[in-house]
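*Asks:* Below are the sequence and a predicted model for it; my questions follow.
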Amino acid sequence: MISIRRAEDRGHFEMGWLDTRHTFSFADYHDERFMGFSDLRVINEDRVLPGKGFGSHAHRDMEILSYVLGGELGHQDSMGNGSTIRPGELQRMSAGSGVVHSERNASAEHLVHFLQIWIQPRARGIQPGYEQRAFPEAERRGRLRLLASPDGRDGSVTIHQDASVFAGILGPGQSARHEIASGRSAWVQVARGEVTVNGERLRAGDGLAATAEAALDLAGAGSADAEVLLFDLRG
């Protein structure tokens, strides 16, 4: 079964320095129909003005992934990490027993556009941890490249849940297929451009939930590149 979450139906808040859109219930946005999907709890699409950002704040018991689509995202945390995340890089912060961090637009001139993703961990109170890795465009073009997994295989970052996260860049005429094991589900999030998934046309910001499907066939559907994230999750 396939269901679609259209971009325009997401929660939307404009705060001057921040334009944010919530696929699932988050902060002041609440919709009982969209509390998450399997262990996927949050997909926020954020655009932050130059030099602005989220001041120090605390998290616990969540796997937090940041995926930058444009610009540069600066990160600082109580584990002593300080970094800049750029397009093609994925940051994983395991909040575990507790961590404090801040996120700011690292540029004084350009907007930063990124997805922040939360995945519920398999256990509470784990040791906080951090990883950041680059995945070159060539590795994501015309295929689904594994970015995050429970075992860190194929150079992916390691998350503390039975979930795998893939990213792909599909140009016109390019396609990719993802097999879904029995008893599992999948979520596709379109980051930019247009794609079809099992014949359904999706645009930037749209999400697609797949349950009891054997496979997903993705194809570029517009005149320019599309970028997608695919989450393979417990049923």
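*Replies:* Yes, it's here. Numbers count the residues shown, from 1 in each chain.
*Asks:* Could you check the pLDDT of residue 32?
*Replies:* We have a pLDDT of 95 for residue 32.
*Asks:* And what about it, helix, strand or coil?
*Replies:* Secondary structure, DSSP: H, G, I helix; E, B strand; the rest coil: residue 32 is coil.
*Asks:* Settle this for me: residue 176 is touching residue 218, isn't it.
*Replies:* Yes - if you go by Cβ atoms under 8 Å, residue 176 and residue 218 touch, sitting 5.0 Å apart. All C-beta spots, glycine's among them, are computed from the backbone N, C-alpha and C.
*Asks:* Touching both of the two, which residues are there?
*Replies:* 144, 168, 170 (Cβ atoms under 8 Å, 6 or more residues apart in numbering).
*Asks:* ok so, going back, looking at residue 176 and residue 218, which is more packed in?
*Replies:* Counted by other Cβ atoms under 10 Å, residue 176 and residue 218 do not tie: residue 218 has more neighbours, with 24 against 21.
*Asks:* Excluding chain neighbours, give the residue nearest to residue 223 in space.
*Replies:* Nearest non-adjacent residue to residue 223, counting by Cβ to Cβ, 6 or more residues apart in numbering: residue 172, 6.3 Å away.
*Asks:* again with residue 66
*Replies:* Among residues not flanking residue 66 along the chain, residue 91 sits closest, at 4.4 Å (Cβ to Cβ, 6+ apart).
*Asks:* The helix or strand containing residue 217 packs against which elements?
*Replies:* According to DSSP states H and E, residue 217 maps onto strand 215-220. Packing contacts for strand 215-220, counted by 3 or more Cβ pairs under 8 Å, 6 or more residues apart in numbering; DSSP states H and E, involve strand 164-170, strand 175-179, strand 184-192, strand 194-197, strand 226-234.
*Asks:* do that again at 7 Å, thanks
*Replies:* Under the contact criterion of 3 or more Cβ pairs under 7 Å, 6 or more residues apart in numbering; DSSP states H and E, strand 215-220 touches strand 164-170, strand 175-179, strand 194-197.
*Asks:* Could you check the angle it makes with strand 175-179?
*Replies:* Angle, strand 215-220 to strand 175-179, by axes from the mean of the first three to the mean of the last three Cα atoms, to 10 degrees: 160 degrees.
*Asks:* From the centroid of this protein, which residue is nearest?
*Replies:* residue 117 (4.5 Å; Cα atoms, centre = their mean).
*Asks:* Can you name the residues that contact the residue nearest to it when sequence neighbours are not counted?
*Replies:* Leaving out its chain neighbours, the residue that sits closest to residue 117 by Cβ to Cβ, 6+ apart is residue 65, at 4.2 Å. If a contact means Cβ atoms under 7 Å, 6 or more residues apart in numbering, then residue 65 has 90-92, 117, 148, 165 as its contacts.
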